[in-house]
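Trainee: My questions concern the predicted model and sequence given below.
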Amino acid sequence: MNIPSRVRLIDVGPRDGLQNEKQPVPAATKIELVHRLQAAGLREIEVTSYVSPKWVPQMADAAEVLAGLKRADDVRYPVLVPNLQGLERAIATGVTDIAIFTAASDAFNRKNINASVDESLERLKPVAEQARAAGLKVRGYVSTVLGCPYQGAVPLAEVVRVSEALFHMGCYEISLGDTIGVGTPHAARDMLRAVRSAVPIEQLAVHFHDTYGQALANVYACIEEGVRVADASVGGLGGCPYAKGATGNVATEDLVYMLHGLGLETGVDLDALCDTARWISAELGREPVSHVAKARQPQVA
């Protein structure tokens, strides 16, 4: 086993967690969520996306959210961008980190962005090139690495090919996403081993949704293989607008609890994080779905 002493966490709740909410979430609530996360010790928070408001109305206030942030010098605030138009909008709001995305499944890509995998990679090349020329750090996402809601199984060779393509575009890190949460630890480990044959393990991250309750086990299996970066979503918020039935990313507080139990450092205050999970869940009119946030409810005298 190759267990690290510290795991770097990226909280994607403000973007991946909220993008699928049907009710409009005010920009002020999104800004407050980011501020609470950074106060709890998160140092990388994916705050919004510059996708077309026509397709993801929840993210129409991206510029307002960025403008309202009280940015800390030691916190990074990546935003998701799908194309050159999104990149231009992001640069105009002073971002320093972006994420670009595609899938390993042709069927998913066609539903999501109306393009094949190869077409999406061609679209992303100038985005990555211009972002890097502007001094931005570029992260890459690969969706459907363990299964697709439309085509089912996704060949590992495709996951490797797409990950390697993003790596060669200059992405400093590739996040491997089980978009519909169907993966199990052995499948996650096999996928990671395949990808690390083409991309250094130091530049790989994992992103597991918890639809079948396997996300924590999958993260742990990948940590055993040497992964040192994981995406998570406060309160277990989220889903995927193009994957019916998919639930949110692994809850950040559940993941932090497990990592601390393994003796690993995260830099996160678990109590403050649970408070944040309960707060945002209340703002959305629901109970938190994460185990730790529910288990650590404040006791009423």
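Mentor: Ah, there it is.
Trainee: how close does Ala205 get to Gly94?
Mentor: 24 Å (C-beta to C-beta, to the nearest Å). Every C-beta, even on glycine, is put in place using the N, C-alpha and C of the backbone.
Trainee: Those two: who's more crowded?
Mentor: Ala205 (21 against 11; other C-beta atoms under 10 Å).
Trainee: The helix or strand containing the more buried one: what's the following helix or strand?
Mentor: Here Ala205 is covered by strand 204-208, with elements defined by DSSP states H and E. Moving toward the C-terminus from strand 204-208, the first helix or strand encountered (DSSP H and E) is helix 215-224.
Trainee: Buried residues of that next one, list them for me.
Mentor: Neighbour counts over helix 215-224 (16 or more other C-beta atoms under 10 Å) mark 215-223 as buried.
Trainee: after that helix, next one along is what?
Mentor: Stepping forward along the backbone from helix 215-224, the first helix or strand reached (DSSP H and E) is strand 229-232.
Trainee: packing partners for that following strand?
Mentor: Helices and strands touching strand 229-232, as assessed by 3 or more C-beta pairs under 8 Å, 6 or more residues apart in numbering; DSSP states H and E, comprise strand 8-11, strand 173-178, strand 204-208, helix 215-224, helix 252-261.
Trainee: pLDDT weak spots in this structure?
Mentor: Low-confidence regions of the chain, defined by pLDDT under 70, span residues 1-3, 239-246, 299-301.
Trainee: before we move on, the earlier item: let's see the strand holding Ala205 as PDB, backbone CA atoms only.
Mentor: The C-alpha atoms that make up strand 204-208 are tabulated as PDB, following Å, rounded to 0.1, in the frame of the first residue of the first chain:
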ATOM      1  CA  LEU A 204      -4.500  12.100 -10.900                       C
ATOM      2  CA  ALA A 205      -7.500  12.900  -8.700                       C
ATOM      3  CA  VAL A 206     -10.700  10.900  -8.100                       C
ATOM      4  CA  HIS A 207     -14.400  12.100  -8.100                       C
ATOM      5  CA  PHE A 208     -16.900   9.500  -7.000                       C
END
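Trainee: what angle separates that strand from helix 215-224?
Mentor: Following axes from the mean of the first three to the mean of the last three C-alpha atoms, to 10 degrees, one obtains 170 degrees for the angle between strand 204-208 and helix 215-224.
Trainee: tell me which strands and helices strand 204-208 is in contact with?
Mentor: strand 173-178, helix 185-195, helix 215-224, strand 229-232.
Trainee: can we see that at 10 Å?
Mentor: In terms of contact count using 3 or more C-beta pairs under 10 Å, 6 or more residues apart in numbering; DSSP states H and E, strand 204-208 is assigned the packing partners strand 8-11, strand 137-143, strand 173-178, helix 185-195, helix 215-224, strand 229-232.
Trainee: Is it possible to get JSON lines of these that adds distance to Val25?
Mentor: Compiled in JSON lines, those are given as follows (distance: least, C-beta to C-beta, whole Å):
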{"stretch": "strand 8-11", "distance to Val25": "16"}
{"stretch": "strand 137-143", "distance to Val25": "22"}
{"stretch": "strand 173-178", "distance to Val25": "22"}
{"stretch": "helix 185-195", "distance to Val25": "31"}
{"stretch": "helix 215-224", "distance to Val25": "23"}
{"stretch": "strand 229-232", "distance to Val25": "19"}
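Trainee: who wins for proximity to Gly263 among these?
Mentor: Put simply, out of the helices and strands packed on strand 204-208 the one that sits nearest Gly263 is helix 215-224, at 12.0 Å, with distance taken as C-beta to C-beta.
Trainee: helices or strands up against the closest one?
Mentor: So helix 215-224, by 3+ C-beta pairs under 10 Å, 6+ apart, packs with strand 173-178, helix 185-195, strand 204-208, strand 229-232, helix 252-261.
Trainee: Let's have the ones you listed in JSON lines, adding distance to Val34.
Mentor: Supplementary listing: those in JSON lines, determined by distance: least, C-beta to C-beta, whole Å:
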{"stretch": "strand 173-178", "distance to Val34": "19"}
{"stretch": "helix 185-195", "distance to Val34": "29"}
{"stretch": "strand 204-208", "distance to Val34": "19"}
{"stretch": "strand 229-232", "distance to Val34": "15"}
{"stretch": "helix 252-261", "distance to Val34": "13"}
